[in-house]
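Using only what follows, build the 3D model:
(one chain, ligands or ions: 1)
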Amino acid sequence: MARRPMMAANWKMNKTVREAEEYTAALLPRAADADEVDVAVFVPFTCLHEVARMAEDSAVIAGAQNFYYEDSGAYTGEISAPMLLDVGTGVVIVGHSERRETFGETDDTVARKTKRAVEAGLLPIVCVGETKEERDSGGMWEKVSGQVGRVIEELEDVDGESLVFAYEPIWAIGTGDTATPEDAQDAIGKIRDLLKEKAGEDFAGTVRILYGGSVKPENAAEIMAQRDIDGGLVGGASLEVESFVELIEAAQNAVTQSE
Ligand code: PGA
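Numbers count the residues shown, from 1 in each chain. Modelled structure (predicted):
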């Protein structure tokens, strides 16, 4: 595998500090064996400091689910890049479809957040994906290429390792209705081709693109076996340590099998 896979847990709005501590304590020793995989947990702000502290000397990366692109000021309720770095966070999800759909984030906001994250030294996981209606009406690529294109337009001179994309078709999120591995590969392959055209071969060859949307232990191996898929962004199946560990193992096995 040319790119190092990432298996990422997105807890969304779940877990108290106590629950987060228990989860992290159980995950750390289990994740230690997966030396070919980046393991990240995207946790609520309220437990981020604690999870980051616990994960400090481990292979697990503690991440945030959102941030705002200004560094400080009158932005009630927001968290900035310096604040994330201050609590030991190195990664952040940007433009998750739940932020776009429920909290009105636009392609412009997502592009500005991506740029700020990269400048600040945070690794953004930039989410893109179409709704069921868009897919059914043949508008999937117009939507996804527009989202990816707007992000690339905002960035100057960045290498492919400064960010990660996640293709998450909205109809597959939390529904149990996973995209087939072929559909996921098809969309992610197209995103990589677009990145090649817009940002060059080196960028497209090194940038990681994850798949998200009902990834679970039963389908992880098949998804991870696809040529252009570099890992998973996982909601539901990441909430229990046991099933998240199975996903990490699937990513690790995919590396071993491709060698
Ligand atoms: P899901 O969520 O795995 O529960 O479908 C994925 C995501 O929203 O990142």
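
residues near residue 239, how many?
When counting by other C-beta atoms under 10 Å, one arrives at 17 neighbours for residue 239. The way it works is simple: take the backbone N, C-alpha and C, and place the C-beta from them, glycine included.

scratch that, residue 129
Neighbours of residue 129 under the rule other C-beta under 10 Å: 27.

who's in contact with it?
Going by C-beta atoms under 8 Å, 6 or more residues apart in numbering, residue 129 touches 97, 143, 144, 147, 167, 168, 169, 170, 173, 212, 213.

Inside helices: which ones of those?
Of the contacts of residue 129, the ones assigned to helices by DSSP state H are 97, 143, 144, 147.

If you drop the residues flanking it in sequence, what lies closest to whichever residue of the chain sits closest to the ligand?
In the chain, the residue that lies nearest the ligand is residue 235 (2.5 Å; C-beta to the nearest ligand atom). The shortest distance from residue 235 to any non-neighbouring residue, by C-beta to C-beta, 6 or more residues apart in numbering, is to residue 10 (5.0 Å).

I figured that neighbour hits residue 236, correct?
No: checked against C-beta atoms under 8 Å, the pair residue 10 and residue 236 is beyond contact range at 9.4 Å.

Compare neighbour counts for the two and give me the winner.
Between residue 10 and residue 236, counting by other C-beta under 10 Å, residue 10 is the more crowded of the two (27 against 17).

contacting residues for the more buried one?
Applying C-beta under 8 Å, 6+ apart, we find residue 10 in contact with 42, 65, 93, 96, 212, 233, 234, 235, 238.

Where do the strands of this protein begin and end?
Shown for the chain, the strands assigned by DSSP state E span residues 6-10, 38-43, 60-64, 91-94, 123-128, 164-167, 208-212, 231-234.

Those strands: which one's closest to residue 16?
Smallest distance to residue 16 across the strands of the chain (C-beta to C-beta): 11.0 Å, for strand 38-43.

which residues of this structure fall in helices?
Using DSSP H, the helices of the chain run over 17-31, 45-55, 81-86, 97-102, 107-120, 132-136, 140-154, 181-199, 201-206, 217-224, 241-258.

hmm, the shortest one in reach of the ligand?
Right, helix 132-136. No: using C-beta under 6 Å from any ligand atom, helix 132-136 never reaches the ligand; the gap is at least 13.7 Å.

my guess is residue 254 contacts residue 226, does it?
No: under the contact definition of C-beta under 8 Å, residue 254 does not touch residue 226, with a separation of 9.2 Å.

Pretty sure residue 40 sits against residue 63.
Yes: using C-beta under 8 Å, residue 40 is in contact with residue 63, at 5.1 Å.

anything in contact with each of those two?
Common contact partners of residue 40 and residue 63 (C-beta under 8 Å, 6+ apart): 8, 91, 125.

what's the closest of the residues you listed to residue 47?
Nearest to residue 47 among those, counting by C-beta to C-beta, is residue 91 at 15.4 Å.

residues from the protein in reach of the ligand?
Counting by C-beta under 6 Å from any ligand atom, the chain comes close to the ligand at 10, 168, 173-174, 212-215, 233-237.

Report the contact partners of the most centrally placed residue in the chain.
Closest residue to the average C-alpha location of the chain: residue 125 at 4.2 Å, with C-alpha atoms, centre = their mean. Listed by C-beta under 8 Å, 6+ apart, the contact set of residue 125 reads 8, 40, 42, 63, 91-94, 163-166, 210, 233.
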